[in-house]
Each structure stands twice: as C-alpha cells, then as structure tokens.
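[1] got a structure for you, letters missing:
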Ligand SMILES: Nc1ncnc2c1ncn2[C@@H]1O[C@H](COP(=O)(O)OP(=O)(O)OP(=O)(O)O)[C@@H](O)[C@H]1O
C-alpha cells in the first residue's frame with residue numbers, strides 16, 4: 001500500500017524542481033545585487049512568472065518573444081536584465097550610437113518606460129544615460145539628445161528613420177553599436193502604423209544584436225515582427241487565466257494558475 005501511494009520518483013523530482021523554480025528570487029535568477037536592491041526599494045520583492053523565465057534568458061543573450069497579459073510585469077522582465085547587460089558593457093568601448101533601443105507604440109508608454117529606466121539607474125547609482133525621443137522634437141533637440149551618445153534610447157519607431165534622415169543617427173553607427181533591441185507592446189506596433197519605420201531600421205540591425213519582443217496578445221502582426229527581426233527566439237507564453245493582479249501579488253495563487261511554456265521556435 002505504501003508503495004502505491006508513493007509518487008513515482010521522476011514526478012516527485014519534477015514537482016520539487018517546479019516548486020523551487022516558483023520560489024526563485026531575483027538574486028537566484030542572476031540579477032546584480034544593485035538591481036535587486038533597487039527593485040526592493042520600489043517594493044518589488046519576488047519575480048512574476050514571466051520575469052522568472054525571461055530574465056535568465058535575456059541575461060544569457062537569447063532572443064525572446066514574451067507573450068503575457070497586461071500587468072504581468074513584462075516591462076521589468078526585459079528592462080532589468082537589459083540594464084544589467086549595459087552595466088557590464090559601460091565604458092568597455094567607444095560607441096557612436098546607443099547600445100539599446102526600446103521601441104514602443106505610444107508617447108505615453110515611452111514616458112513610462114523612460115521614467116522606470118531613470119529610476120532604476122538612479123537607485124543603482126550607475127553611470128548610464130537614457131534618452132526618450134519623440135518624432136515631433138526639432139532636429140536640434142534630437143541632435144542634443146543623441147550627443148554623447150546615450151546608452152539607451154526609448155522612442156516610438158518613427159523616430160529612428162527621422163533621426164537617420166536628418167543625419168543625427170548614422171546607419172553605420174547603429175550597425176556598430178546596437179546590442180539590444182526591444183519592441184515593447186509589439187502587438188500594437190504595426191496597427192499603430194509603424195511597419196515602414198521598423199522596416200527602415202531592420203537592415204541596420206547588426207547580426208549579433210539581441211532582439212526582444214514583448215506582447216500582451218499573439219497576432220499576425222506579432223508573427224510578422226518575429227520573422228522580420230528575431231533569430232531563433234525563445235517563445236514564452238503565459239496563459240491568460242485569472243485576474244490581472246493575481247500574478248503579481250499572492251504567491252499561493254501563482255502556484256496553481258500558470259505554467260509557462262518555453263518553446264524553441
Ligand atoms: N515582480 C513584481 N512584483 C510586484 N509588482 C511588480 C513586479 N513586476 C512589475 N510589477 C508592477 O506591476 C505593474 C504592471 O507591470 P508592467 O507594466 O510591467 O506590466 P506589463 O506586463 O508590461 O503590462 P503591459 O502589457 O500593459 O505593458 C507595474 O506597476 C509594475 O511596477
């Protein structure tokens with residue numbers, strides 16, 4: 001009787017591994033202590049499910065497509081490891097253009113992401129420079145913003161061709177400097193009319209550039225972008241179950257409602 005009640009060893013091991021995975025802290029995901037402390041100061045203690053899976057992959061330099069509902073913590077899932085990679089690179093070489101582009105569909109989101117980046121940089125006390133650009137900025141402002149150049153550029157996709165056409169961002173500089181490209185809210189980028197802007201950037205993305213695509217839904221547009229920009233990405237899908245805040249607050253809720261599927265595309 002005792003034998004039949006015991007779980008097969010493999011299942012037990014797997015469940016234990018899953019439980020451990022659910023317990024993983026930001027430190028255990030490989031995050032720099034400066035970032036974990038910064039997150040703590042912002043009241044963020046434990047990674048959400050999408051962060052648990054995405055952060056190590058981004059740190060490893062993989063291309064990632066992450067699909068998880070609004071409010072699941074996708075912004076920090078890419079921003080925090082992106083900053084960590086830039087900590088490691090800062091001062092390593094002379095750059096002619098930003099090392100990271102974060103492209104978003106709206107000015108509001110651009111402002112939100114920029115505010116998060118500034119706050120993390122300040123809390124970590126690192127020498128990184130971030131700028132947000134809008135396509136309505138006069139050429140002189142674009143030139144000033146890109147002088148230096150900054151480490152991270154946050155904008156809508158339309159800004160990039162504009163900067164190239166007015167000569168404040170050289171295509172060769174992008175090819176020589178860009179290390180990480182993020183398309184946030186990728187499911188909205190094409191419907192907001194940015195297809196041509198993204199296509200104008202594509203030929204200048206260097207082969208070694210790590211590309212991350214974050215989206216709340218899957219759609220033909222996301223597939224199109226995936227084919228246009230990414231190379232053999234890891235696809236992370238978080239099933240849409242439960243309330244928007246469930247994945248962020250109670251751990252016991254997390255433990256039964258999600259299993260992230262990591263598929264090699
Ligand atoms: N690990 C965490 N623990 C607690 N709160 C978190 C965590 N990660 C992010 N948050 C908070 O959860 C909220 C939603 O996160 P975020 O905006 O990143 O979601 P999202 O998935 O990017 O949504 P959207 O699809 O709208 O871009 C934010 O207020 C953020 O500060």
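    Thanks, I have it. All values derive from a computational prediction rather than experimental measurement.
[2] please report how far residue 169 lies from residue 211.
    18 Å (C-beta to C-beta, to the nearest Å). In this view, the C-beta of every residue, glycine as well, is placed from N, C-alpha and C.
[3] residues contacting residue 176?
    When contacts are counted by C-beta atoms under 8 Å, 6 or more residues apart in numbering, residue 176 touches 95, 96, 97, 206.
[4] which residue packs closest to the last one, ignoring adjacent ones?
    Which is residue 206. residue 175 (5.1 Å; C-beta to C-beta, 6 or more residues apart in numbering).
[5] am I right that the one you found sits in a helix?
    Yes - the assignment for residue 175 by DSSP: H, G, I helix; E, B strand; the rest coil puts it in a helix.
[6] any low-confidence regions in this structure?
    1-22, 90-93, 240-265 (pLDDT under 70).
[7] which residues in it form helices?
    2-5, 9-23, 33-41, 49-59, 74-89, 107-124, 139-146, 159-165, 171-177, 186-189, 195-201, 220-229, 251-257 (DSSP state H).
[8] returning to that earlier point: who has more neighbours out of residue 169 and residue 211?
    Per other C-beta atoms under 10 Å, whichever of residue 169 and residue 211 has more neighbours is residue 169, with 25 against 22.
[9] residue contacts, the closest residue in space to residue 189 that isn't next to it in sequence?
    Distances taken as C-beta to C-beta, 6+ apart put residue 105 closest to residue 189, at 5.1 Å, once the chain neighbours are dropped. Neighbouring residues of residue 105 by C-beta under 8 Å, 6+ apart: 156, 184, 185, 188, 189, 192, 194.
[10] doesn't residue 134 make contact with the first one?
    Okay, so that is residue 156. Yes - with contact defined as C-beta atoms under 8 Å, residue 156 counts as touching residue 134 (7.1 Å).
[11] got any residues that touch both of those two?
    Counting by C-beta under 8 Å, 6+ apart, the contacts common to residue 156 and residue 134 are 107, 110.
[12] more neighbours: which of those two?
    Between residue 156 and residue 134, residue 156 has the larger neighbour count (other C-beta under 10 Å), namely 23 against 16.
[13] and the more buried one, how far from residue 168?
    On the measure of C-beta to C-beta, residue 156 and residue 168 end up 16 Å apart.
[14] equivalent analysis for residue 151, please.
    17 Å.
[15] quick one: contacts for the closest residue to residue 38 other than its chain neighbours?
    Distance criterion C-beta to C-beta, 6+ apart; nearest residue to residue 38, sequence neighbours excluded, is residue 123 at 3.6 Å. For residue 123, the contact set (C-beta under 8 Å, 6+ apart) comprises 34, 37, 38, 41, 42.
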